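**Q** Sharing a sequence plus its predicted fold:
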Amino acid sequence: MRIGVVTFPGSLDDRDAQRAIRLAGAEPVALWHGDHDLHGVDALVLPGGFSYGDYLRCGAIASLSPIMTEVIDAANKGMPVLGICNGFQMLAEAHLLDGGLIRNEAGRFICRDQQLRVENTSTDWTGGFTTGQEITIPLKNGEGAFIASAATLERLEGEGQVAFRYLGVNPNGSLNDIAGVTNVRGNVVGLMPHPEHAVEAGFGPDTAEAMRSGIDGLTFFTSVIERALVH
């Protein structure tokens with residue numbers, strides 16, 4: 001399986017996402033924001049960072065990059081797309097996911113290992129989890145507070161489109177403790193925490209077994225590979 005990772009000016013975690021894909025057993029394909037070619041990939045990752053310096057709004061300018069025309073078209077045709085942090089912001093700005101992300105409630109950048117509860121396991125990126133499973137994924141953002149209108153929030157909750165929810169503490173003031181959402185079809189998922197930073201023992205979050213041994217993030221990438229093999 002070939003999974004594309006789009007690099008934008010200001011991307012920070014594109015190489016980390018490529019490494020996560022490689023560790024999961026797929027081939028990472030580097031894509032450039034200024035191109036109109038997805039190079040025949042089977043899935044896409046929009047990585048974290050500070051695209052275009054976070055000017056205007058986080059992800060707003062990147063959502064209008066040339067390659068996003070192809071990303072939007074591919075997503076609407078069913079290609080799996082994962083937006084991580086800044087990538088989540090792009091997907092919201094591109095209207096591939098409902099809601100939006102604003103400045104953290106505390107008004108400052110937050111970096112921590114964050115507990116999440118998996119709410120939806122029927123998406124292309126979450127099939128390897130169990131519903132209600134508690135996982136730990138690193139989080140680092142300054143504008144990660146999820147917002148939506150009351151009607152949109154009710155629909156997201158009612159239709160099971162909340163993919164992940166913060167546990168223990170809500171780090172950024174997200175409504176309903178929402179850490180990530182999916183589209184109705186389940187092929188597009190966005191979340192603020194960074195699963196690509198929890199894919200290799202020795203470099204992930206601490207666990208009860210050992211320091212830096214957490215690899216909960218690897219399941220995102222193995223899930224999309226397994227889903228592709230089934231279909």
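**A** Ah, there it is.
**Q** so how many other residues sit close to Thr123?
**A** Thr123 has 26 neighbouring residues, counting by other CB atoms under 10 Å. Glycine gets a C-beta too; all of them are placed from N, C-alpha and C.
**Q** residue contacts, it?
**A** With contacts defined as CB atoms under 8 Å, 6 or more residues apart in numbering, the neighbours of Thr123 are 163, 182, 186-187, 189.
**Q** Make TSV from the residues you listed and add neighbour count, secondary structure and distance to Cys111 to it.
**A** Converted to TSV, the contacts of Thr123 look like this (neighbours: other CB atoms under 10 Å; DSSP: H, G, I helix; E, B strand; the rest coil; distance: CB to CB, whole Å):
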residue	neighbour count	secondary structure	distance to Cys111
Ala163	27	strand	22
Thr182	27	strand	25
Gly186	21	coil	30
Asn187	23	coil	30
Val189	28	strand	22
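**Q** Okay, and the beta partners of the residue nearest in space to the middle of the chain?
**A** Closest to where the C-alpha atoms of the chain average out (CA atoms, centre = their mean) is Ile84, at 2.9 Å. With DSSP bridges applied, Ile84 shows beta-bridge pairing to Leu191.
**Q** who touches stretch 182-189?
**A** Outside stretch 182-189, the residues that touch it by CB under 8 Å, 6+ apart are 75, 78-83, 91, 96-98, 120, 122-126, 159, 161, 163, 180-181, 190.
**Q** mind checking the end-to-end distance for that stretch?
**A** 4 Å (CA to CA, to the nearest Å).
**Q** ok, which stretches of the chain are helices?
**A** Using DSSP state H, the helices of the chain run over 14-24, 66-76, 86-93, 150-158, 218-230.
**Q** Strands of the protein, start to end?
**A** Assigned by DSSP state E, the chain shows strands spanning 2-7, 27-32, 43-46, 81-84, 100-102, 110-118, 134-141, 145-147, 162-166, 178-182, 188-191.
**Q** Between the helices of the chain, which has the poorest mean confidence score?
**A** Mean pLDDT is lowest for helix 218-230 among the helices of the chain, at a mean of 94.
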